[in-house]
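1. just a sequence and a predicted model for now, questions to come.
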Protein chains: 2
Amino acid sequence: MKLYNYAFSSGLYSEINKRKKRQSFSLYPVVSEIIEKVIENGDKALSEYSIKFDGISPDSISVSKKMMKEAYDEAEPKFIEALQIAIDNIFDFHKPQLLKGYEITDEKKFMGQKVKALSRVGIYVPGGYAAYPSTLLMNVIPAKIAGVKEIVITTPPQKDIKKLKPLLVAANMLGIEEFYLVGGVQAIAALAYGTETISPVDKITGPGNQYVTAAKKLVYGDVAIDMIAGPSEVLIISDGKVPLSFIVADLLAQLEHDAEAMAILLTISEEEVERIESEISRQVEELLRKENVTKALNKSTYVVKCESIAEMVEMSNKIAPEHLELLVENPVEVLADITNAGAVFLGAFTPEALGDYTAGPNHTLPTTGSARYASPLGTYDFQKRMNYLYYDESELVKVSAYIDIFTKKERLQAHGKAVSIRI
Amino acid sequence: MKLYNYAFSSGLYSEINKRKKRQSFSLYPVVSEIIEKVIENGDKALSEYSIKFDGISPDSISVSKKMMKEAYDEAEPKFIEALQIAIDNIFDFHKPQLLKGYEITDEKKFMGQKVKALSRVGIYVPGGYAAYPSTLLMNVIPAKIAGVKEIVITTPPQKDIKKLKPLLVAANMLGIEEFYLVGGVQAIAALAYGTETISPVDKITGPGNQYVTAAKKLVYGDVAIDMIAGPSEVLIISDGKVPLSFIVADLLAQLEHDAEAMAILLTISEEEVERIESEISRQVEELLRKENVTKALNKSTYVVKCESIAEMVEMSNKIAPEHLELLVENPVEVLADITNAGAVFLGAFTPEALGDYTAGPNHTLPTTGSARYASPLGTYDFQKRMNYLYYDESELVKVSAYIDIFTKKERLQAHGKAVSIRI
């Protein structure tokens, strides 16, 4: 943990901002080799890489609808209830995000935009340490609302098949028809370019490790992707009136993701600054992932003593955190001044963990400062727009002289002819 | 030019679809070296690369507002009038694209999305053969509507300063305050990471050659980009009732962009198929860029004889062209079945060239089949969304048991504690 005083923190922002450049060009050669091999050898390459990286290659990578149904039938009713609550809330939150077209109509000309759903998308759900049914919900539900007809899940194969069950239950509840046990770079390559078993998709969404992220970046342009995601982050703005134990619990929740996770507390309370180390020590003792958390505590955890709420807002806007908690007396008032954040959590009883699961807003959010320019995953990510234009002869005649001027300036003579030949 | 019959054209689609994989990993080493050098040496690197690639490095890369004003004062009134018509129409078309936030309000909880403009964007305008004032308009106007405060233009330096004038006039009319004479990979690196003279931006938009495109892809993730653009394309659907001379003029207009451009005619008219070669020969003779056009004619120009409008629509949707012209008796009816295209031009008097300049819709469109998943550039590209969430204590208590189940399934114990510590 690093302690700063805002007045002397000019180096802090540039240190935090370095996270932008964490993405490294150095992974591309190894990642592009795997991609090329999947393009070349298809399913055979998937199987080889699964054995190499996951230690197992299932006889069939396709999970049948029957297997999903069985997992559902065996699931504890409480888990199904929790999934259903989350599903309902996520549907409610994402429905108003549907894009709509528009038209500007004149007598002799009209133009507008139409909105269409993507046809086929692939959703990557990471595996390894655990299964992440919440990731599946947060990606599938917006796609369903958008009207995507073919939604494909891929997740790494697991030696212990039980680990997959929570995903299969969630997939069954959302009516998923295609589910493949393949992970890593090889899964991204299969989704982008197709194999004998997996048909290529139009867009790939979902989080992954740095190799998966590098693969998504390399296939981007041949296929759409949701975003380039980095390590998870939280920034907390505190006026000292929320119990410090809440604050520390939220910082530690962020840090348990991995050793690269980042947690920042901006506070105007001298007392919090004084007490935070002992509160962290106390809470960290109880954690199962204590080692991970301790690494992240040493690496990228910052506590900054500020003089005013305005100072904290200014710094937060510069950092553009993925998650922002406003632990202040009037969070709605402060929210009005927030320009850059993925998601904002208001007040003492809205911990970030609530937003990860059941509340409704998407938990797929822009990281590493990209909240300056990017949005949370939403229904709009599974739709696209198409322009259209109609002019009748008299309208074309009216503007032909202007087009002539442009085509001459831009030295595109044949463009000019395409108009002049008509009039 | 290649002639096909739809019934025997199964190889055609896969040949056309190969354009997807035209982007090559092989450019990355040379491009990433230039990027690293700009990060390291700043303005000095820009100057060195400008001399190397453009043959000139101006004493100052900043173009002053005074220079823009002078260019405007010297411009022909007819050019200013053409620009003004285009500006007005582009503003009108892009205003309805403004995104809006929403809120779902309950007594003890509420959540929603806020929409904000990006703060600072960089627009790349290609140079070389000519100046492209229309590119400047199509990128700057949506950014202005979105409310972007800092809009930065970069374009390659020109030995003949007169070549820049049309851009300066357009920049002056749109109130541009920052305009830099730097192009290529080095311009993209400067916009992404900053130099002494150029502060980094949040998003880079605008077209470029394959090196510029590769650079945009490499910096993507540290900064937003608009899209990965490939060569320009047109697909024309004809029922044989529009004069063949119009059709050929539109195909050739597309092909004059560069030798990689693609033009496809789908027609149900046997007569068109018979007459098209002589009509092309006749028109191509008159073209200044005859050589370029002839190359593209040989390389990627396709004429396909189809049996029905339904067949043509099906093939077009599979190809997902950047520009689609519906030269049919009832284009609005056919438009209803189009699912994948960047922009659709309806009827005999709406040539694609009209959409490039003055009509209003954006001419920055998804290429190489990416209309399957991507949208035309628009106001929405210069805005972003931010989620927010509020729960009071009683609402958190209600869902705490469900969150507990999720955190156990996903083995995120500290996430669970962040909730349980509050209740």
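-> Yep, it's here.
2. all strands for chain A, in order.
-> A:2-5, A:102-105, A:109-117, A:120-124, A:150-155, A:178-181, A:203-205, A:224-225, A:233-238, A:262-267, A:301-305, A:323-327, A:343-346, A:383-391 (DSSP state E).
3. what does the second one rub up against?
-> Defining contact as Cβ atoms under 8 Å, 6 or more residues apart in numbering or on different chains, one finds that strand A:102-105 is touched by A:110-113, B:92-93, B:96-97, B:360. Quick note: C-beta positions are derived from backbone N, CA and C, even for glycine.
4. most widely separated two among those?
-> A:110 and B:97 (16.3 Å; Cβ to Cβ).
5. so for the two, which residue has more residues nearby?
-> Each of residue A:110 and residue B:97 has its neighbours counted (other Cβ atoms under 10 Å in any protein chain shown); residue B:97 has more, 23 against 16.
6. the closest residue to the more buried one other than its chain neighbours: how many residues sit nearby?
-> Nearest residue to residue B:97 in three dimensions, chain neighbours excluded: residue B:379, at 3.8 Å (Cβ to Cβ, 6 or more residues apart in numbering or on different chains). For residue B:379, the neighbour count with other Cβ under 10 Å is 23.
7. just give the nearest non-adjacent residue to the residue most central in space within chain A, would you?
-> Geometric centre of chain A, nearest residue: residue A:364, 3.3 Å, by Cα atoms, centre = their mean. Nearest in space to residue A:364, with sequence neighbours left out and distances taken as Cβ to Cβ, 6+ apart, is residue A:377 at 3.7 Å.
8. and chain A, what are its domains?
-> Chain A breaks down by automatic domain parsing into domains covering A:2-23+A:230-360, A:27-102+A:116-225, A:392-420.
9. next, the buried residues of the shortest one.
-> Right, domain A:392-420. Neighbour-count burial for domain A:392-420, counted by 16 or more other Cβ atoms under 10 Å in any protein chain shown, picks out A:392, A:395-396, A:399-400, A:402-407, A:409-419.
10. now do that domain: distance to the chain's middle.
-> Distance of domain A:392-420 from the chain centroid (Cα atoms, centre = their mean, to the nearest Å) equals 44 Å.
11. kindly check the end-to-end length of that domain for me.
-> End-to-end distance of domain A:392-420: 14 Å, with Cα to Cα, to the nearest Å as the criterion.
12. give me the subset of the buried residues of domain A:392-420 lying in helices.
-> Residues of those located in helices (DSSP state H): A:395-396, A:399-400, A:402-407, A:409, A:413-419.
13. ok, which of the residues you listed also contact chain B?
-> Contacts with chain B within these, counted by Cβ under 8 Å from any Cβ of the partner chain: A:395-396, A:399, A:402-403, A:405-407, A:409, A:413-419.
14. list the buried ones in the least confident helix or strand in chain A by mean pLDDT?
-> Using mean pLDDT, DSSP states H and E, helix A:10-17 stands out as the lowest-scoring helix or strand of chain A, at a mean of 77. Residues of helix A:10-17 classed as buried by neighbour count (16+ other Cβ under 10 Å): A:12, A:16.
15. what does it rub up against?
-> The contact list for helix A:10-17, computed with Cβ under 8 Å, 6+ apart, reads A:4, A:262, A:264, A:300, A:302, A:304, A:315, A:318-319, A:369.
16. hmm, residue A:281 and residue A:1 touching each other?
-> No. Under the contact definition of Cβ atoms under 8 Å, residue A:1 does not touch residue A:281, with a separation of 10.3 Å.
17. more neighbours: which of these two?
-> Each of residue A:1 and residue A:281 has its neighbours counted (other Cβ under 10 Å); residue A:1 has more, 16 against 11.
18. mind listing what that one touches?
-> When contacts are counted by Cβ under 8 Å, 6+ apart, residue A:1 touches A:276-277, A:280, A:297-298, A:301-303.
19. PyMOL command to pick out the buried ones of those residues?
-> Buried residues among those (16+ other Cβ under 10 Å), as a PyMOL selection:
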select buried, chain A and resi 276+280+297+301+302+303
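20. what two of the contacts of residue A:1 are the furthest from one another?
-> By the measure Cβ to Cβ, A:276 and A:298 form the most distant pair in the contacts of residue A:1, at 14.8 Å.
21. can you pull the contacts of the residue nearest to residue A:364?
-> By Cβ under 8 Å, 6+ apart, the contact list for residue A:377 reads A:138-139, A:142, A:205, A:226-227, A:362, A:364-365.
22. next step: the residues you listed restricted to helices.
-> When helices are assigned by DSSP H, the members of the contacts of residue A:377 inside them are A:138-139, A:142.
23. could you dump those to TSV with neighbour count?
-> Below are those laid out as TSV (neighbours: other Cβ atoms under 10 Å in any protein chain shown):
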residue	neighbour count
A:138	26
A:139	26
A:142	29
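24. of those, which is the nearest to chain B?
-> Nearest to chain B among those, counting by Cβ to the nearest Cβ, is residue A:138 at 11.5 Å.
25. doesn't residue A:360 make contact with the closest one?
-> No. Between residue A:138 and residue A:360 there is no contact, the gap being 10.1 Å when judged by Cβ under 8 Å.
26. overlap of the contact sets of those two?
-> Listed contacts common to residue A:138 and residue A:360 are residue A:90; contacts here mean Cβ under 8 Å, 6+ apart.
27. what about the residue nearest to residue A:300 when sequence neighbours are not counted, how many neighbours?
-> Spatial nearest neighbour of residue A:300, chain neighbours left out: residue A:262 (4.3 Å); criterion: Cβ to Cβ, 6+ apart. Around residue A:262 there are 26 other residues, counting by other Cβ under 10 Å.
28. residue A:262 bridge partners, please.
-> With DSSP bridges as the criterion, residue A:262 is bridged to residue A:233.
29. measure it to chain B for me?
-> Residue A:262 is 15 Å from chain B, where distance means Cβ to the nearest Cβ, to the nearest Å.
30. that residue touches residue A:251, doesn't it?
-> No. Residue A:262 lies out of contact with residue A:251 (Cβ under 8 Å); the separation is 10.0 Å.
31. list residues touching both of those two?
-> Contact criterion Cβ under 8 Å, 6+ apart; residues shared by residue A:262 and residue A:251: A:234, A:301.
32. just the helices in the stretch 151-300 of chain A please.
-> Ranges of helices within the stretch 151-300 of chain A are A:165-173, A:184-193, A:210-219, A:244-255, A:270-284, A:290-300, based on DSSP state H, counting those that start in this stretch.
33. output those helices as a markdown table; include the columns mean pLDDT and distance to residue A:46.
-> As requested, the helices of the stretch 151-300 of chain A are exported to a markdown table (pLDDT from 0 to 100; distance: least, Cβ to Cβ, whole Å):
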| stretch | mean pLDDT | distance to residue A:46 |
| --- | --- | --- |
| helix A:165-173 | 97 | 19 |
| helix A:184-193 | 97 | 5 |
| helix A:210-219 | 93 | 13 |
| helix A:244-255 | 96 | 34 |
| helix A:270-284 | 95 | 40 |
| helix A:290-300 | 88 | 30 |
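34. contacting residues for the nearest residue to residue A:210 once chain neighbours are set aside?
-> Using Cβ to Cβ, 6+ apart and skipping residues adjacent in sequence, the residue nearest residue A:210 is residue A:27, 6.6 Å away. Residues near residue A:27 by Cβ under 8 Å, 6+ apart: A:210-211, A:214.
35. closest to chain B among those residues?
-> Once Cβ to the nearest Cβ is applied, the member of the contacts of residue A:27 that ends up nearest chain B is residue A:214, at 9.7 Å.
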